[in-house]
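S.K.: Quick check, what structure comes out for this input:
(one chain, ligands or ions: 1)
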Amino acid sequence: MAKAIRCAMVKIVIENLGRKELEVNNSSKTVLNHLHEHYLDWMHACGAKGRCTTCKMVVIDGAEHLNEFTKAELKYIDRGELGQNERLACQAIASGDIIIRVPHAGKLPHMNYSD
Ligand code: FES
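M.R.: Modelled structure (predicted):
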């Protein structure tokens with residue numbers, strides 16, 4: 001009898017979008033991929049190539065569940081354009097629950113933020 005394979009579910013909470021919760025499969029997809037798959041608009045000017053910082057997210061909790069900083073993120077950290085509690089949504093991959101916020105600079109005019 002085939003053994004059932006369980007996929008760990010990961011919860012992504014966007015604190016200032018009314019604490020919107022996304023339940024996603026633990027996979028190799030980036031946080032930005034998951035946001036878009038749930039029809040959440042999130043700024044991503046360079047098309048998720050790690051060449052801008054418009055997809056920046058503030059990590060409130062669960063940073064330890066994210067992958068190591070990518071080369072692109074390290075470049076922005078060196079330049080002082082990415083803070084200690086910030087990640088690029090197009091580079092970050094969550095293997096456990098995280099709570100994030102949309103920073104002021106990344107807010108889109110048609111979205112209703114709760115702060
Ligand atoms: S979309 Fe440009 S760095 Fe993420």
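S.K.: so what's Tyr76 closest to, chain neighbours aside?
M.R.: Using Cβ to Cβ, 6 or more residues apart in numbering and skipping residues adjacent in sequence, the residue nearest Tyr76 is Leu82, 3.9 Å away. C-beta coordinates here come from the backbone N, C-alpha and C atoms, glycine included.
S.K.: ok, now Ala63?
M.R.: Asn85 (7.1 Å).
S.K.: Number of residues surrounding the one you found?
M.R.: Other residues lying near Asn85 total 13 when counted by other Cβ atoms under 10 Å.
S.K.: residues touching it, list them.
M.R.: Taking Cβ atoms under 8 Å, 6 or more residues apart in numbering, we find Asn85 in contact with 58-60, 63.
S.K.: Neighbour-wise, give me the winner out of those residues.
M.R.: Of those, with other Cβ under 10 Å as the count, Val59 tops at 21 neighbours.
S.K.: how close does the closest residue to that one other than its chain neighbours sit to the ligand?
M.R.: The shortest distance from Val59 to any non-neighbouring residue, by Cβ to Cβ, 6+ apart, is to Asn85 (5.3 Å). Per Cβ to the nearest ligand atom, to the nearest Å, Asn85 is found 17 Å from the ligand.
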